[in-house]
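1. got a predicted structure plus its sequence, pasted below:
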Amino acid sequence: GGLLASGGGDNIIRFWNGYTGEAVGVPLKGHKYPVACIAFSPDGSTIASGSDDNTIRLWDPSNGEMETELEDMHDPVVLPPIS
């Protein structure tokens with residue numbers, strides 16, 4: 001608990017301590033357009049992000065590495081919670 005993620009117009013996902021508001025961890029870079037949505041896996045080991053670049057990316061938040069990229073999503077990307 002307490003870890004928040006944000007993404008937006010700068011195409012970068014950032015992590016924040018929900019209690020102190022301080023930036024934590026490694027920013028996730030790779031989207032070419034604004035980040036539209038973010039979801040955490042239940043155990044926090046994977047982050048999914050959807051972007052206006054028509055991609056969904058899966059990330060390892062511990063090291064900032066992109067694990068998977070799904071390209072050419074033709075409809076707006078909306079991510080449900082990961083289970």
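-> Right, received. Where do you want to start?
2. residues in contact with the most centrally placed residue in the chain?
-> Residue closest to the average C-alpha location in the chain (C-alpha atoms, centre = their mean): Ser49, at 3.8 Å. For Ser49, the contacting residues are 7, 13, 28, 31, 35, 37-39, 56-57, 59, 79, by C-beta atoms under 8 Å, 6 or more residues apart in numbering. (Glycine included, C-beta is placed from N, CA and C.)
3. which strands border the helix or strand harbouring it, and is each parallel or antiparallel?
-> Using DSSP states H and E, the element containing Ser49 is strand 47-51. Here strand 47-51 has these sheet partners by DSSP bridges: strand 35-40 (antiparallel), strand 56-60 (antiparallel).
4. between those strands, which one is closest to Val24.
-> strand 35-40 (14.0 Å; C-beta to C-beta).
5. secondary structure class for the residue of the chain positioned farthest from its centre?
-> Residue farthest from the centre of the chain, counting by C-alpha atoms, centre = their mean, is Thr20 at 20.5 Å. What DSSP: H, G, I helix; E, B strand; the rest coil gives for Thr20 is coil.
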